[in-house]
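Asks: Take this sequence and fold it.
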Amino acid sequence: MLWKSLRLRRFLDVERIRLAIEDAERRTSSEIRVSVAPFFWGSVERAAERAFARLGMTSTRARNGVLLFIVPSRHSFVVRGDAGIHERVPGDYWNALVRLMKPYFRRGEFTEGVLAGIQALAEELSRYFPYDPLADRDELPNAVDVPRRP
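Replies: Numbering: from 1, shown residues only. You can find the predicted model right below:
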């Protein structure tokens, strides 16, 4: 496990990302997860779907989870939201979010791209899923997920 975390740190600052998720979730009741996959052959989109299910992204009360699935070795990522998100957030928002993050990934600035995405998600999701300190609870872990295989 140590070798994996050392290799991952070349690509992402997982602690900064975890703190950004915590900060974002103090602004919205939505749940944000980040999952990082090693290089693999095949569809990044399908791997993101599997990660979405594996991480229990559909288990939030309001079905308002969002996954940022990152494949640094391929300079690629997928943003996937649950049903409650898609019922409220306009469809064109997702393309704007990808356009925001993509230049960072092209330059290999993965941490900065993820942080920009988390910040933008917090702003948008707080409009539709505002944080309620009396009712909100952290439904999903904030730690960056690093699976063995996508």
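Asks: Run through this protein and note the low-pLDDT ranges.
Replies: Applying pLDDT under 70 to the chain flags residues 1-10, 148-150.
Asks: how near is the residue nearest to Val36 when sequence neighbours are not counted to Val79?
Replies: Leaving aside its chain neighbours, Val36 sits nearest to Ile70 (4.8 Å; criterion: CB to CB, 6 or more residues apart in numbering). Quick note: C-beta positions are derived from backbone N, CA and C, even for glycine. Noted for Ile70: a distance of 10 Å to Val79, by CB to CB, to the nearest Å.
Asks: Which of the two has more residues huddled nearby?
Replies: Set side by side, Ile70 and Val79 show more neighbours around Ile70, with 30 against 17, by other CB atoms under 10 Å.
Asks: residues in contact with the residue lying closest to Val66 once chain neighbours are set aside?
Replies: Leaving aside its sequence neighbours, Val66 sits nearest to Gly81 (CB to CB, 6+ apart; 4.7 Å). Neighbour list for Gly81: Asn64, Gly65, Val66, Leu67, Val89, Trp94 [criterion: CB atoms under 8 Å, 6 or more residues apart in numbering].
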